[in-house]
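Asks: Provided below are the primary sequence and the corresponding predicted coordinates.
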Amino acid sequence: MGKIKQNLFFALFYNVVGIPVAARVFMGLGIILRPELAGLAMAFSSVSVVANSLLLKTFKPLAKNYLSRLAPVAMTAIFTLMFLGFARISAEL
């Protein structure tokens with residue numbers, strides 16, 4: 001159930017952040033996203049959900065699963081930085 005909740009968080013987080021940026025809601029702040037890069041960002045969000053699901057292969061009921069606890073935080077941080085990088089690239093073009 002924990003992985004399901006994490007995957008729902010990833011899917012919702014990326015869409016809540018990505019849709020307003022792609023719709024140029026934050027254009028006044030200089031954060032815009034070209035449609036091509038928005039599509040790439042959405043592909044990466046799907047990859048992160050699949051990668052998070054693949055961590056179930058390493059699950060051991062009685063063992064401490066540090067990778068499963070660290071992975072969602074790391075993937076969220078990496079995707080957010082990548083998304084902002086795409087926005088910066090779009091603003092320069």
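Replies: That came in fine, so what should we check first? Numbering: from 1, shown residues only.
Asks: any idea which helix is longest in this protein?
Replies: Counting residues, the longest helix found in the chain (DSSP state H) is helix 66-92.
Asks: Give the other helices and strands that it contacts.
Replies: Secondary-structure packing of helix 66-92 (3 or more Cβ pairs under 8 Å, 6 or more residues apart in numbering; DSSP states H and E): helix 2-22, helix 35-54. Glycine gets a C-beta too; all of them are placed from N, C-alpha and C.
Asks: got a markdown table for the ones you listed, with mean neighbour count, mean pLDDT and distance to Leu81 too?
Replies: As requested, the helices and strands packed on helix 66-92 are exported to a markdown table (neighbours: other Cβ atoms under 10 Å; pLDDT from 0 to 100; distance: least, Cβ to Cβ, whole Å):
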| stretch | mean neighbour count | mean pLDDT | distance to Leu81 |
| --- | --- | --- | --- |
| helix 2-22 | 15 | 78 | 12 |
| helix 35-54 | 15 | 80 | 11 |
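Asks: and those helices as a markdown table, adding distance to Arg88?
Replies: Shown next, in a markdown table, are those (distance: least, Cβ to Cβ, whole Å):
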| stretch | distance to Arg88 |
| --- | --- |
| helix 2-22 | 11 |
| helix 35-54 | 10 |
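Asks: From the centre of this structure, point out the most distant residue.
Replies: Leu62 (29.1 Å; Cα atoms, centre = their mean).
Asks: Helix, strand, or coil at that one?
Replies: coil (DSSP: H, G, I helix; E, B strand; the rest coil).
Asks: tell me the phi and psi of it?
Replies: phi -100, psi 0 (degrees, to the nearest 10).
Asks: how much space between the residue nearest to Ala11 when sequence neighbours are not counted and Phe9?
Replies: Nearest non-adjacent residue to Ala11, counting by Cβ to Cβ, 6 or more residues apart in numbering: Val49, 6.1 Å away. Val49 sits 10 Å away from Phe9, going by Cβ to Cβ, to the nearest Å.
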